[in-house]
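>>> with the input below, show me the fold.
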Amino acid sequence: MVLINILWLPGFGFYPFNIIAGILLALSGLALIIFAIAALRGAKTTPNPFKPENATKLVTQGIYARSRNPIYLGLLLLLVALSAYLINPLTYFGPLFFVLYMNRFQICPEEQVLEKLFGSAFTDYCRRVGRWI
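Here you go, the predicted model:
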């Protein structure tokens, strides 16, 4: 996203609003990530997204009662924060690409593993709680 900003259509400058928006979005994203990892660790299960088969418990409380993927949502907010800071409309393709990529190559495979591990409990959880929000 920074390369896009440098190479194609530089941003439109720095204004107090975009800096404040970027900071607020970044802090929100970091808070989501911290709360999500704390919930996983508190449940004594893995926060490692590359080894969903190591999950020992289905966490559905706290931040996980609102989002099935709060860590990814936090990362998305960090990307949107960077786009807001850069004030370059082309950089918003970064967060869009992130969502499309994560849905297809990370979240769907994770959910298949979690469904095998937790069965109907996971299916019911998916019905109640959205993938992102």
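>>> what comes up buried for the helix or strand hosting Leu24?
With secondary structure defined by DSSP states H and E, Leu24 is part of helix 16-42. Using 16 or more other CB atoms under 10 Å as the test for burial, helix 16-42 gives 18, 21-22, 25-26, 28-29, 32-33, 35-36, 39-40. Any C-beta I mention is one placed from the backbone N, CA and C, and that applies to glycine too.
>>> so what's Thr46 closest to, chain neighbours aside?
Among residues not flanking Thr46 along the chain, Asn54 sits closest, at 4.5 Å (CB to CB, 6 or more residues apart in numbering).
>>> equivalent analysis for Phe118, please.
Leu58 is the one closest to Phe118 (CB to CB, 6+ apart), at 4.6 Å.
>>> for that neighbour, list the residues it contacts.
The contact partners of Leu58, by CB atoms under 8 Å, 6 or more residues apart in numbering, come to Leu114, Leu117, Phe118, Ala121, Phe122, Tyr125.
>>> tell me the contacts of the fifth one?
What that stands for is Phe122. Leu58, Glu111, Leu114, Glu115.
>>> so what's Thr60 closest to, chain neighbours aside?
Excluding the flanking residues, the one nearest Thr60 by CB to CB, 6+ apart is Tyr125, at 5.3 Å.
>>> and for Ile133?
Using CB to CB, 6+ apart, the closest residue to Ile133 is Ser67 (5.8 Å).
>>> so what's Leu32 up against?
By CB under 8 Å, 6+ apart, the neighbours of Leu32 are Ile63, Ser67, Pro70, Ile71, Leu73, Gly74, Leu77.
>>> distance between the helix or strand of the chain with the lowest mean pLDDT and the chain's centre?
Lowest on mean pLDDT, DSSP states H and E among the helices and strands of the chain sits helix 2-7, with a mean of 75. In terms of CA atoms, centre = their mean, to the nearest Å, the centre of helix 2-7 is found 23 Å from the chain centre.
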